[in-house]
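>>> Fold the following, please.
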Amino acid sequence: MFPVAAFPVLDVEKSYRRLLNHLPGMAYRCRILNGSEVPLGFLVNELEFVSRGTYELLGVTPDEMMGGHHNTIERMTHPDDLDASRTAIRDSIVAHEPYQVMYRLLLPSGRVKWLWDQGEGVYDEEGCPRYLEGLIMDVSEQKFQELALLEENQALRTSVINLYGLGNIVGKSEPMRRIYSQILKAAETDSNVIIYGETGCGKDLVAQNIHEYSGRKGRYVPVNCGAIPEQLLESEFFGHVKGAFSGAHANKEGYIGAANGGTLFLDEIGELPLHLQVKLLRALENKMYTPVGGNTPKESSFRLIAATNQDLSRMVREKKMRSDFYYRINVLSLTLPPLRERQGDIPLLVEAWLEKKGHNMVLPPHVRLIIEQYDWPGNVRELHNFLDRFLAFGEEALTSLGDAGRADLLLATPQGITLDEAVDQLEERMIRQSLERCRWHRGKAAESLGLNLRTFQRKMKRLGMNADRKQGGV
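Numbering: from 1, shown residues only. This is a model prediction of the structure:
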């Protein structure tokens, strides 16, 4: 081989230019005219070299590019992208770092191109930038495919919110539709989630849906924190090695290990004792844990979703929960509405329960009226329990609803009036209760009864109720 010095410098430069002219895209070298003022901005308006790829990229020949006294790329850059690309390049040059920017180009034909521009500055002995050297590539095909896929995914996520619910969650009321939107947004991130809500309102179902729509390939591991004896908590969460304690006859994987690559759902997280909160906090921060009796740390990349019916901020003030643990888990929060705030969903919940049980039973109209007006302090779980009892005992199950169930049962079978009169009495009573509960906002009252506003107003007029509380909202 010949030593490098045997080649004339001019031949090396020609070789470089020949190589650059065969590269896909456009290679360039620009002189910075006011490099000493880079922190305030700089102008690049004098090309010293541009490769032949500029014609395929921009429809402009190298000679036309070199002969102009303006920055052709900047003049063709989409207005919405120009300032951002300028700023990104300037900041990189000030920091003496290579730059990589993506922006759109508007061609004279009206066509849009996505460009990937990467390069770096050339500095003088004093560290002042004098040139930019880089390569611009056409990435339109990849970018348009990415945008199409993003649009397709968004359409798919929107379509899963059907007329009756999301996944295995049932409900079409406005409060639930807000929850569905939050579920899908939470599924797009890896941030920790905390679900607030009363007992029985479906926090576990929400956690499952977040896991399923997140696309995580690992397991969904649910844990009821209040159901584990305190002396077993550490072993259950972190696992143990053989011989760690009496009865540990084999290695055991804990919840954290089982959730690797998936989701760990901690229901009633407020029940965790302080000493376990410390150890869980470490596992959350570095995704590492050590089984009981072991010396070798293990890794588990899990996503945490927690749920509670308690006021965790108050628990922090009362020193029942560590503040650092609270702020670690309380990143994304969802608050589920109780069933009494979405009574319009009760018919759907009843039908879904009957379908799941495989029963063709039809609830009598007066029973449906009763359950749609009951407050359900135990929420969906209490509703399901009532339906189980009704299936077994019939209308006797209404007594389990307390005074409300017994009173409504007597009212449902009045004596000495016609059926139409009884129906009118029930409708007027239900409408009045709904209006009072919604502070006489007719729109909300209609929604709570599963009626559209026009039907609701027509019933009020027929029952002579329009004169009542006319100050109520629509």
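
>>> all contacts plus neighbour counts: C-alpha atoms, from now on.
Fine.

>>> what about Ser301, neighbour count?
Other residues near Ser301 number 18, with proximity taken as other Cα atoms under 10 Å.

>>> isn't it right next to Leu264, touching?
No: contact status for Ser301 versus Leu264: not in contact, 10.1 Å apart, counting by Cα atoms under 8 Å.

>>> Which strand runs longest in the chain?
Taking DSSP state E as the criterion, the chain has its longest strand at strand 112-123.

>>> Direction included, what does whichever helix or strand comes after that one pair up with?
Of the helices and strands lying after strand 112-123 in sequence (DSSP states H and E), the nearest is strand 129-138. Using DSSP bridges, strand 129-138 pairs in its sheet with strand 26-32 (antiparallel), strand 112-123 (antiparallel).

>>> what is the mean pLDDT for the longest strand of the chain?
Here strand 112-123 scores 89 as its mean pLDDT.

>>> which residues of the stretch 51-200 of the chain fall in strands?
99-106, 112-123, 129-138, 165-166, 169-170, 193-196 (DSSP state E, counting those that start in this stretch).

>>> quick one: contacts of the fifth one?
Residues external to strand 169-170 that are found in contact with it (Cα atoms under 8 Å, 6 or more residues apart in numbering): 164, 205-206, 345, 348-349, 352.

>>> now swap in the last one and tell me
Residues lying outside strand 193-196 but in contact with it, judged by Cα under 8 Å, 6+ apart, are 186, 203, 207, 304-310, 329-336.

>>> re the thing from before, using TSV, please lay out the strands of the stretch 51-200 of the chain together with mean neighbour count and distance to Asn466.
Converted to TSV, those look like this (neighbours: other Cα atoms under 10 Å; distance: least, Cα to Cα, whole Å):
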stretch	mean neighbour count	distance to Asn466
strand 99-106	19	59
strand 112-123	19	59
strand 129-138	20	67
strand 165-166	21	34
strand 169-170	20	33
strand 193-196	23	39
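
>>> Kindly reformat these as JSON lines and extend each row with distance to Arg31.
Listed next are those as JSON lines, based on distance: least, Cα to Cα, whole Å:
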{"stretch": "strand 99-106", "distance to Arg31": "16"}
{"stretch": "strand 112-123", "distance to Arg31": "9"}
{"stretch": "strand 129-138", "distance to Arg31": "4"}
{"stretch": "strand 165-166", "distance to Arg31": "58"}
{"stretch": "strand 169-170", "distance to Arg31": "62"}
{"stretch": "strand 193-196", "distance to Arg31": "51"}
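
>>> Go through these and name the closest to Leu233.
Taking Cα to Cα, strand 193-196 is the member of the strands of the stretch 51-200 of the chain nearest to Leu233, at 20.6 Å.

>>> Which helix or strand lies directly C-terminal to that closest one?
Once the chain leaves strand 193-196, the next helix or strand it forms, by DSSP H and E, is helix 203-214.

>>> Let me have the contacts of strand 169-170 in CSV, extended by pLDDT, distance to Ile73 and neighbour count.
Listed next are those as CSV, based on pLDDT from 0 to 100; distance: Cα to Cα, whole Å; neighbours: other Cα atoms under 10 Å:
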residue, pLDDT, distance to Ile73, neighbour count
Tyr164, 72, 52, 17
Leu205, 94, 52, 13
Val206, 96, 49, 24
Asp345, 90, 57, 24
Leu348, 88, 59, 16
Leu349, 92, 60, 19
Ala352, 87, 60, 17
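
>>> Closest one to Val122 out of the residues you listed, please.
Val206 (54.6 Å).

>>> For Asn224, see how far away that closest one is.
Distance check for Val206 against Asn224: by Cα to Cα, to the nearest Å, it reads 15 Å.

>>> for Arg389, same thing?
26 Å.

>>> Looking at the two, which is more packed in?
Between Arg389 and Asn224, counted using other Cα under 10 Å, the more crowded position is Arg389 (16 against 13).

>>> my guess is the more buried one contacts Thr399, does it?
No: the pair Arg389 / Thr399 is not scored as a contact, 10.4 Å apart, by Cα under 8 Å.

>>> nearest to Pro98, of the contacts of strand 169-170?
Pro98 lies nearest to Val206 out of the contacts of strand 169-170, by Cα to Cα, at 44.6 Å.

>>> residues in contact with the closest one?
169, 183.

>>> residues near the closest residue in space to Ile210 that isn't next to it in sequence, how many?
Of all residues not flanking Ile210 in the chain, Ala187 sits nearest, at 5.0 Å (Cα to Cα, 6 or more residues apart in numbering). Using other Cα under 10 Å, the number of residues around Ala187 comes to 20.

>>> Next: Leu312.
For Leu312, the count of nearby residues is 19 (other Cα under 10 Å).

>>> Need the contacts of strand 169-170 in a markdown table (columns: distance to Gln433).
Formatted as a markdown table, these follow (distance: Cα to Cα, whole Å):
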| residue | distance to Gln433 |
| --- | --- |
| Tyr164 | 26 |
| Leu205 | 30 |
| Val206 | 30 |
| Asp345 | 17 |
| Leu348 | 21 |
| Leu349 | 21 |
| Ala352 | 26 |
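
>>> Keep only those of the residues you listed that are in helices.
The members of the contacts of strand 169-170 that map onto helices under DSSP state H are 205-206, 348-349, 352.

>>> which of those residues lies closest to Ser140?
Among the ones in helices among the contacts of strand 169-170, Val206 lies closest to Ser140 (Cα to Cα), at 38.6 Å.

>>> and the closest one, how far is that from Asp267?
Counting by Cα to Cα, the gap from Val206 to Asp267 is 12 Å.

>>> Over to Lys172?
Distance, Lys172 to Asp267, by Cα to Cα: 25 Å.

>>> Enumerate every residue touching Gly378.
198-201.

>>> Which entries within these meet the buried criterion?
198-201 (16 or more other Cα atoms under 10 Å).

>>> Extract the C-alpha set from the longest strand of the chain and format it as PDB.
Provided in PDB are the C-alpha atoms of strand 112-123 (Å, rounded to 0.1, in the frame of the first residue of the first chain):
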ATOM      1  CA  VAL A 112     -44.700  18.500   1.400                       C
ATOM      2  CA  LYS A 113     -41.400  16.700   2.200                       C
ATOM      3  CA  TRP A 114     -40.000  15.700   5.600                       C
ATOM      4  CA  LEU A 115     -36.300  16.300   5.900                       C
ATOM      5  CA  TRP A 116     -33.800  14.900   8.400                       C
ATOM      6  CA  ASP A 117     -30.900  17.400   8.800                       C
ATOM      7  CA  GLN A 118     -27.900  16.300  10.800                       C
ATOM      8  CA  GLY A 119     -24.500  18.000  11.000                       C
ATOM      9  CA  GLU A 120     -22.100  19.800  13.300                       C
ATOM     10  CA  GLY A 121     -20.200  23.100  13.500                       C
ATOM     11  CA  VAL A 122     -16.500  23.700  12.500                       C
ATOM     12  CA  TYR A 123     -14.800  26.100  14.900                       C
END
